[in-house]
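> sequence and predicted structure below; questions after.
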Amino acid sequence: MEEMRIKDIAEKLNISARAVRFYEQKGLISPRKQEGNQYRLFTQEDAWRLQTIIALREVGMSVKEIKKVLDEMNEGERENIPYYLELQRAAMFAQWIELKQMITTIDQMITVCKEKNVLDSEEMYRLSEGSKRLRECRKSWYDRWNFDCRAMSYDRELHHHHFGFDIHNHYKQALDMTVKWVNPRIGEKGLDIGTGTGNLAGRFSDKGVSIAGVDQSKEMLAQCRNKYPGMETKLGNFLALPYVDSQFDFAVTSLAFHHITNEQQPLALEEMKRVLKPSGRICITDLMFESTEDREGYIKQLKQQGQEEAIRLMKDKHYAFLPDVLYWFEENDYITKHKKINNLLYIVYAVPIR
């Protein structure tokens, strides 16, 4: 097998010899050393590894992450490689959305300067603090519920009744109603956010509707792909949907909206709006409360029944307040209809009016 020296492989791949040595120091490549003079000798296999490293660096992957990918390839576990690339794509979309927010803040600062013809430090500070608060809000989400570990048993859990607080009560009815209310037309494409194992998206898919699913859990998405092999799935979450603007005709979500905080929920609605076409519809199916008093009254009722575990389960989530959701849609020029399916389960459907 023909071998190359460091100068030759650097020229072939259009990188510096210094970069090649750096990747060697980090353990990404291990060229053979020539006996006597200890010159590095690179094979075609080394060249292929360097090409892979260069490609992954180009899309922003860290050296540490690249080493994981290469190690798994060495061990024959190539099925995990797409996951690392999807993680990188999700991270890049999050950065892109953050940059868009920063650009919006800069534009607002420019407008203030032009209108007042002076640098208003208090107004600048207010705008920057608002931008910082939004950024921190987006970054603060994490999976406290460990859905990767629950993925294999999730569909079985749907049939179990949990204490006095059953999140999956009327589950199938709610999913069927979501499909009926959205009423997708031929040629439309939808997005299911927090798709999980694909129970809602699958209902659209079974009707011949093109739909993509987004979830932050790779194991949930693996279960979804097993059930619906032809369905497009991507890693992502409510606060950083991994799609560019204006891609979908409708966005749906079922029993997932409560996994983001009440402060994050308006940001999630903004994200849905961003990836939708101008006439795109939104349908949210989830447990909600009509007021803080309504929530506290429900907790009091559970406490009187001795349902301490049910209270713990309920407090572990961030159920939206229906008036807040409806208000956001009204402020953003949507017309809505909603229906109460049971004591806590609501469906909200929104269509833009301009």
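That came through fine. Numbers count the residues shown, from 1 in each chain.
> in the strand ranked longest in the chain, what's buried?
The longest strand of the chain (DSSP state E) is strand 276-289. Residues 276, 280, 281, 282, 283, 284, 285, 286, 287, 288, 289 are the ones in strand 276-289 that count as buried (16 or more other Cβ atoms under 10 Å). Just so you know, the C-beta spots here come from the backbone N, C-alpha and C atoms, and that holds for glycine as well.
> contacting residues around the first one?
Yep, that's residue 276 we're talking about. By Cβ atoms under 8 Å, 6 or more residues apart in numbering, residue 276 lies in contact with 246, 247, 248, 249, 250, 251, 282.
> domains in the protein, by residue range?
Under the assignment automatic domain parsing, the domains of the chain span 6-76, 81-139, 147-352.
> out of these, deepest packed?
Of those, the one with the most neighbours on average (mean count of other Cβ atoms under 10 Å) is domain 147-352, at a mean of 18.
> pLDDT at residue 267, what is it?
pLDDT recorded at residue 267 is 93.
> that one is in what secondary structure piece?
For residue 267, the element it lies in under DSSP states H and E is helix 265-275.
> look up how far residue 327 lies from residue 22.
Distance, residue 22 to residue 327, by Cβ to Cβ, to the nearest Å: 54 Å.
> no no, residue 226
40 Å.
> likewise for residue 121?
Taken as Cβ to Cβ, the span from residue 121 to residue 327 is 32 Å.
> residue 256 is in contact with residue 194, isn't it?
Yes - counting by Cβ atoms under 8 Å, residue 194 is a contact partner of residue 256 at 2.6 Å.
> check contacts around residue 286.
By Cβ under 8 Å, 6+ apart, the neighbours of residue 286 are 253, 254, 255, 256, 257, 258, 319, 320, 345, 346.
> looking at those, spot the one nearest residue 31.
residue 256 (48.4 Å; Cβ to Cβ).
> pLDDT-wise, which helix or strand of the chain ranks last?
In the chain, no helix or strand scores lower on mean pLDDT, DSSP states H and E than helix 121-139, which sits at a mean of 76.
> report the angle between that one and helix 265-275.
Comparing the axes of helix 121-139 and helix 265-275 via axes from the mean of the first three to the mean of the last three Cα atoms, to 10 degrees yields an angle of 80 degrees.
> this completes my enquiry, with thanks.
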